[in-house]
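[1] With the input below, show me the fold.
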Amino acid sequence: MDWLAPYKDKRVIALFFLGFSSGLPLLLVFSTLSFWLREAGIDRASIGMLSWVALAYAIKWIWSPLIDKYPIPLLSKRLGRRRSWMLVSQLAIMLSLLAMSLANPQTLLWLFCILALAVAFSSATQDIVIDAFRIDSAPQELQAAMAATYLAGYRIAMIVSGAGSLVLAAWFAPNETQFSNLAWQSTYMVMALLVLPGILTTLWVQEPKLALQTETADKQSFTNKCIQAFWSPVKDFFYRYGQTAFLLLALISVYRLSDVVMGVMANPFYIDIGFSKVEIASIAKVYGVIMTLVGAALGGIILKQKGTLFTLFLGGLLAAATNLLFVTLSLKGPDISWLTAVIAIDNLSAGIATAAFIAFLSGLTNKSYSATQYAIFSSSMLLLPKFVAGFSGFAVDAFNYTVFFIGTSLLGIPALILIIMLANKNITKQVPND
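    Here you go, the predicted model:
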């Protein structure tokens, strides 16, 4: 069974645990956090604005060149540049989550916001390094397997930080109907401890040879380093793609607009129409993530047979259209059967779109600037969606959930138009990645 051979490689196995480490913090500053805040009585408008802490993921390109080029004093000599940055970011995530587990949003919401921002900033930094580590540590023939194990670990972490958090919060609470801040604090303390597998993996893996070679050869002046770190990756991208680069960046900026804007209000929506934590955990957070993995696998098959742009279009179309299913759910109320159907179809579509988008972004990246370029792409992917999502609570308050879901579905149209435009252009100009 030759197709299993790549999954026995130590580097591919390591990406599963690093994917888990990367996926764990995301929901803890996004949908899980919004659940905690809504139960605590925080209004929807404030919850929507608090989602702006996740903008750290959208502006990580600002500090990604520093991570791409500069080692951490002392620590990098022992671990290497990639591993040392991973370890520092993971320790920062753990400490920030532990601090959040001691906070109360009802009394010190401003402090709670600062701690959530610290988690998001540390998590975004970790993502920069892991993406670069993945691209640098193995040849092209292993990249698909590494992306698959990374995504599997990432999605399992989302089950843990999504469904797992809700189940723990329900278990720690004195009863289901009464809000318990202590239950949520205990839950976040457990989540902080779950960063440990990622830390152990960082200590176990080897530093990529490409990163070691770059570090050894880099003896330029500080000024030249700064210019190269910030400007060279951007120059390289525009050199390779010319005017098409603007079209590519526009597509990256709007592709996830529909689902990210809707996602901020998903948990408040489930609470407001009457679903319990256990129901949401078992269906939306477990079953939904499983269906996302199925969709990702299906997306990989479609990618191989139909190509990236076709799969991007299909994923974008399905992701936007499935938001309309939430309209039906908002009219029917807390119907478990409808929730199951909506979550299944929505997450299957999201999986297809995610697989296509990762392949699309990875294909645009030059390994000479892997951390910076991938950070720019993934940051551009989130900047506009996260900014618009901050106003989602105001939109629901001004209209209602039904109108809101229709509006988020329409937000998917610009991406489809841009994909059609790209289909008529040649975007295959690359430099060698090996």
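[2] S409: how many residues sit nearby?
    If you count neighbours by other CB atoms under 10 Å, S409 ends up with 21. For every residue, glycine as well, the C-beta is placed using N, CA and C.
[3] who's in contact with it?
    Residues near S409 by CB atoms under 8 Å, 6 or more residues apart in numbering: 258, 320-321, 323-324.
[4] Which pLDDT does the model give it?
    Predicted confidence (pLDDT) for S409: 92.
[5] host element of it?
    Here S409 sits within helix 401-410, counting by DSSP states H and E.
[6] CA atoms only for that helix - export them in PDB, please.
    Extracted C-alpha coordinates of helix 401-410, given in PDB (Å, rounded to 0.1, in the frame of the first residue of the first chain):
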ATOM      1  CA  TYR A 401     -31.200  36.300  12.300                       C
ATOM      2  CA  THR A 402     -33.200  35.500   9.200                       C
ATOM      3  CA  VAL A 403     -32.200  38.700   7.300                       C
ATOM      4  CA  PHE A 404     -28.600  38.300   8.700                       C
ATOM      5  CA  PHE A 405     -28.200  34.900   7.200                       C
ATOM      6  CA  ILE A 406     -29.500  35.900   3.900                       C
ATOM      7  CA  GLY A 407     -27.100  38.800   3.900                       C
ATOM      8  CA  THR A 408     -24.100  36.600   4.700                       C
ATOM      9  CA  SER A 409     -25.000  34.300   1.800                       C
ATOM     10  CA  LEU A 410     -24.900  37.200  -0.600                       C
END
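[7] Counting by contacts, list what the helix or strand harbouring M291 packs against.
    Assessed by DSSP H and E, M291 sits inside helix 288-306. Judged by 3 or more CB pairs under 8 Å, 6 or more residues apart in numbering; DSSP states H and E, the packing partners of helix 288-306 are helix 140-159, helix 308-321, helix 336-364.
[8] hmm, back to that, which of the contacts of S409 are buried?
    Among the contacts of S409, those buried by neighbour count (16 or more other CB atoms under 10 Å) are 258, 320, 323.
[9] Using a markdown table, please lay out those residues together with pLDDT and distance to A170.
    Shown next, in a markdown table, are these (pLDDT from 0 to 100; distance: CB to CB, whole Å):
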| residue | pLDDT | distance to A170 |
| --- | --- | --- |
| S258 | 89 | 30 |
| A320 | 89 | 33 |
| N323 | 89 | 28 |
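[10] Just give me the neighbour total for the residue nearest to V403 when sequence neighbours are not counted.
    Leaving out its chain neighbours, the residue that sits closest to V403 by CB to CB, 6 or more residues apart in numbering is A395, at 8.0 Å. The local packing of A395 (other CB under 10 Å) involves 21 other residues.
[11] roughly how far apart are A395 and N175?
    Counting by CB to CB, to the nearest Å, the gap from A395 to N175 is 33 Å.
[12] For the chain, give me the ranges with low pLDDT.
    For the chain, residues meeting the criterion pLDDT under 70 lie at 1-6, 138-144, 176-177, 210-230, 284-285, 367-371, 426-434.
[13] try 50 this time
    Counting by pLDDT under 50, the chain shows low-confidence ranges at 216-217, 428-434.
[14] which residues in it form strands?
    Per DSSP state E, the chain carries no strands over any range.
[15] Let me have the contacts of S409 in TSV, adding distance to E39 as columns.
    Shown next, in TSV, are the contacts of S409 (distance: CB to CB, whole Å):
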residue	distance to E39
S258	27
A320	30
A321	31
N323	24
L324	28
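[16] from those, which is closest to M146?
    Comparing the contacts of S409 against M146 with CB to CB places S258 closest, at 28.2 Å.
[17] Look up how far L33 lies from the residue nearest to V403.
    Separation of A395 from L33 (CB to CB) stands at 19 Å.
[18] What about F313, how many residues nearby?
    Look at F313: counted by other CB under 10 Å, it has 20 neighbours.
[19] rewinding a little: pick the one among the buried ones among the contacts of S409 closest to F387.
    F387 has its nearest neighbour among the buried ones among the contacts of S409 in S258, at 14.3 Å by CB to CB.
[20] Test my guess that the closest one contacts T408.
    Yes. S258 is within contact range of T408, at 5.4 Å (criterion: CB atoms under 8 Å).
[21] Quick check: neighbours shared by those two?
    Contact criterion CB under 8 Å, 6+ apart; residues shared by S258 and T408: N323.
[22] Could you let me know which of the contacts of S409 ends up closest to L298?
    Nearest to L298, judged by CB to CB, of these is A321 at 16.3 Å.
[23] Provide a list of residues in contact with that closest one.
    By CB under 8 Å, 6+ apart, the contact list for A321 reads 349, 409, 412.
[24] And L249, by the same measure?
    Counting by CB under 8 Å, 6+ apart, L249 touches S380.
[25] separation between it and L384?
    11 Å.
[26] G242 now?
    Relative to L384, G242 is positioned 23 Å away (CB to CB).
[27] how many other residues sit next to L75?
    If you count neighbours by other CB under 10 Å, L75 ends up with 15.
[28] follow-up on the earlier one: distance to L97 for the contacts of A321 - can I get that in TSV?
    Formatted as TSV, the contacts of A321 follow (distance: CB to CB, whole Å):
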residue	distance to L97
S349	31
S409	34
G412	33
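[29] Closest one to I273 out of the residues you listed, please.
    S409 (18.5 Å).
[30] quick one: contacts for the closest residue to the closest one other than its chain neighbours?
    Leaving aside its chain neighbours, S409 sits nearest to N323 (4.0 Å; criterion: CB to CB, 6+ apart). By CB under 8 Å, 6+ apart, the contact list for N323 reads 258-259, 262, 346, 405-406, 408-409, 412.
[31] Likewise for L314?
    L314 neighbours (CB under 8 Å, 6+ apart): 302, 306, 352, 356.
[32] That one and K306, how far apart?
    According to CB to CB, L314 stands 8 Å off from K306.
[33] The residue lying closest to L50 once chain neighbours are set aside: neighbour count?
    In this structure, L50 finds its nearest non-sequential neighbour in C113, 6.1 Å apart by CB to CB, 6+ apart. A count of neighbours around C113, defined by other CB under 10 Å, yields 17.
[34] rewinding a little: nearest to L24, of the contacts of A321?
    Taking CB to CB as the measure, L24 sits nearest to S349 out of those, at 23.8 Å.
[35] I'd say the closest one and A319 touch.
    Yes. Between S349 and A319 there is a contact under CB under 8 Å: 4.9 Å.
[36] Take the buried ones among the contacts of S409 and lay them out in CSV including distance to D9.
    Formatted as CSV, the buried ones among the contacts of S409 follow (distance: CB to CB, whole Å):
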residue, distance to D9
S258, 36
A320, 37
N323, 39
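[37] isn't F172 right up against Y188?
    No. If you go by CB under 8 Å, F172 and Y188 don't touch, sitting 10.6 Å apart.
[38] the more surrounded of these two?
    More crowded of F172 and Y188, by other CB under 10 Å: Y188, with 26 against 16.
[39] That's all I had, so thanks and see you.
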